[in-house]
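**Q** A structural model of the following input is requested.
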Amino acid sequence: MIASERKIRVLIAKPGLDGHDRGAKVVARALRDAGMEVIYTGLRQTPEMIVEAALQEDVDVVGLSILSGAHMALAPRVLELLRANGLDHVRVFVGGIIPDEDVDALLAAGVSGVYGPGTLTDQIVADIRKAVLGEEVV
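**A** Residues are numbered from 1 along each chain as shown. Alright, predicted model coming up:
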């Protein structure tokens, strides 16, 4: 199978106590429409539950949707657990209410992309393809 035919597997997760998942579902639908396989874990997942699902589902990407303000604790913990479980290759993207001043710290911690409200789903699709397959999408 050549790279452009490879199905990217994405786990979309809602860590923490946040109870709103409309944005996560919109992104999941856009990724499916773009030909990716998407697994949605549902609400109120712990970092441990997310990484266990990533391991079981053999995903390329974990997308975290965080609206609660706990992104500086949750995203680094997910990254730490991925590494501890030999999943260094799994890319992590974070979406939600992320203050501008936290973006650089998340990227420095190993997050591949950070998206706020209003981000076009085409941008998220393109960034995931580039991160996983090395493809530039025009």
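
**Q** Surely residue 93 and residue 61 touch.
**A** Yes - contact status for residue 93 versus residue 61: in contact at 6.5 Å, counting by CB atoms under 8 Å. For the C-beta atoms, the positions are set from N, CA and C on the backbone; glycine is no exception.

**Q** Let me know the helix or strand that the residue nearest to the spatial centre of the chain is in.
**A** Averaging the C-alpha coordinates of the chain gives a centre point, and the residue nearest to it by CA atoms, centre = their mean is residue 63 (1.4 Å). In this assignment (DSSP states H and E), residue 63 forms part of strand 61-66.

**Q** Quick one: the helices in this structure, in order.
**A** Counting by DSSP state H, one finds helices in the chain at the ranges 22-33, 47-57, 71-84, 100-109, 121-133.

**Q** returning to that earlier point: how about the contacts made by the residue nearest to the centre of the chain?
**A** Contacts of residue 63 were listed using CB atoms under 8 Å, 6 or more residues apart in numbering, and they are 10-13, 24, 27, 31, 92-95.

**Q** Against residue 75, how distant is it?
**A** Distance, residue 63 to residue 75, using CB to CB, to the nearest Å: 11 Å.
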